[in-house]
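In: Build me a model from this:
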Amino acid sequence: MNEITDIEKKYLEFLTDVYDRVLLREPDKEAIDYWIPLLKNKDKTMEQIEEEIKNSDEGTNIRNFSHYSAEFWNHLYSVQKYINKLCTDDEHTDFMEDMLKRFKDYIPFEKVLIVGCGNGWVERRLADMNIAKHFDAFDISDEYLEEARSKKNNRNINYFVDDINELNNLPDVKYDAIFNIAILHHAEKIENAVKKLSNMLKPDGLIFNYEYVGPAQNQYSNEHLKIMEEINNLLPERLQSKSPLRPPIQNFRVEPTEAIHSDLVRPIIRKYFYIIFEREFNGGIAYQILWNNISAFKDELDMKAEKELEKLLKMDLDYTKAKKVPTLFWYSVGMSKFNS
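Out: Numbering: from 1, shown residues only. Model (predicted):
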């Protein structure tokens, strides 16, 4: 067995560092056997190799994958109107504004829990709308909580650290309402989370869910993928998505909980809550095609892009109605079956 030389050790340490930082994994044998001879023979410099790894398909996919830096379909005004119409019957009224009419007999809530609050935008908006008198809100991220606290101003919001999977720090109170805005599809222990939340509601309390309920980790079926690819190819080339429409499973190393059990969100919520109002807001065509692909559609003066977006959303609606693609998003309001 040949001993590794000092220079080979140096190159291996370099590769290990680059793979860890860029690809979030160790280099495999094939990578080592490919890159190290190039370095030894001075065919490539370390800088060139790092750049190639960064710009590889895997590197690009991982760099673009981050949930928190990504641009989603609902960042477009036309998509917001489309979602509003599906959720509230009025393209100019989103689900929070709709609550003021549809659930006016409950509002203002006395005490509300915000699940996975992030930077606090949900509770700040609800507070400004006088939806509730007091808010408790938690997140697992100290960084997000620090930002949320800095922006709460005089609003009546109490922040604390907790993990959606454990929920060990919840106050010993019952809530009039709970808001889950796209958090439960991150829960690894989703049944534990939903069961605990059901016990946190008052007997007449409401839970509001605004969720991704598509296939776990966006692993769309071959039939679904084929339809998305065909429609993507119908778009002018400049408007087509350049990202994989079914993200490689290894990309989820960036955020291993992203959509980890999204396919279980709806059935488990139904297990613990009576659903008193629900709407699907589709996405089976437009969501993935527009993911990280909205910049060209943002230009309000680009009438060609706007027309193509209208056609894309029409196909999203028609293909969902025809059950050719699954709905990926679900808005529901429920009452606990099991609280005491």
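In: going forward, measure contacts between C-alpha atoms and count neighbours the same way
Out: OK.
In: Quick check: mean pLDDT of stretch 194-205?
Out: Across stretch 194-205, the average pLDDT comes to 96.
In: What is the least confident helix or strand in the protein?
Out: Lowest on mean pLDDT, DSSP states H and E among the helices and strands of the chain sits helix 57-65, with a mean of 71.
In: quick one: low-confidence ranges for the stretch 51-200 of the chain?
Out: Counting by pLDDT under 70, the stretch 51-200 of the chain has low-confidence residues at 61-70.
In: which stretches of it form helices?
Out: 57-65, 77-88, 95-102, 121-128, 142-151, 190-200 (DSSP state H, counting those that start in this stretch).
In: Now that we have those, can you turn them into CSV and tack on mean neighbour count?
Out: Listed next are the helices of the stretch 51-200 of the chain as CSV, based on neighbours: other Cα atoms under 10 Å:
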stretch, mean neighbour count
helix 57-65, 18
helix 77-88, 19
helix 95-102, 15
helix 121-128, 17
helix 142-151, 15
helix 190-200, 21
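In: can you list those helices in CSV and add distance to residue 134?
Out: Converted to CSV, the helices of the stretch 51-200 of the chain look like this (distance: least, Cα to Cα, whole Å):
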stretch, distance to residue 134
helix 57-65, 36
helix 77-88, 26
helix 95-102, 17
helix 121-128, 8
helix 142-151, 15
helix 190-200, 15
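In: Which elements pack onto the biggest helix by length in the chain?
Out: The single longest helix within the chain, with elements called by DSSP state H, is helix 303-321. Packing partners of helix 303-321 (3 or more Cα pairs under 8 Å, 6 or more residues apart in numbering; DSSP states H and E): helix 77-88, helix 286-290.
In: Can you pull the domain assignment for this protein?
Out: The chain breaks down by automatic domain parsing into domains covering 6-55, 73-336.
In: Most tightly packed of the ones you listed?
Out: Here the criterion is mean neighbour count by mean count of other Cα atoms under 10 Å, and of the domains of the chain the winner is domain 73-336, at a mean of 18.
In: Just give the strands next to the lengthiest strand in the chain in its sheet, each with its orientation.
Out: Ranked by residue count, the top strand of the chain under DSSP state E comes out as strand 201-212. The pairing partners recorded for strand 201-212 under DSSP bridges are strand 175-181 (parallel), strand 329-336 (antiparallel).
In: related to what we said a few turns ago, what angle sits between the longest helix of the chain and helix 77-88?
Out: Computed by axes from the mean of the first three to the mean of the last three Cα atoms, to 10 degrees, the angle separating helix 303-321 from helix 77-88 equals 30 degrees.
In: Rebuild the strands paired with strand 201-212 as a markdown table, extending it with distance to residue 24.
Out: A markdown table is the format used below for the strands paired with strand 201-212 (distance: least, Cα to Cα, whole Å):
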| stretch | distance to residue 24 |
| --- | --- |
| strand 175-181 | 28 |
| strand 329-336 | 30 |
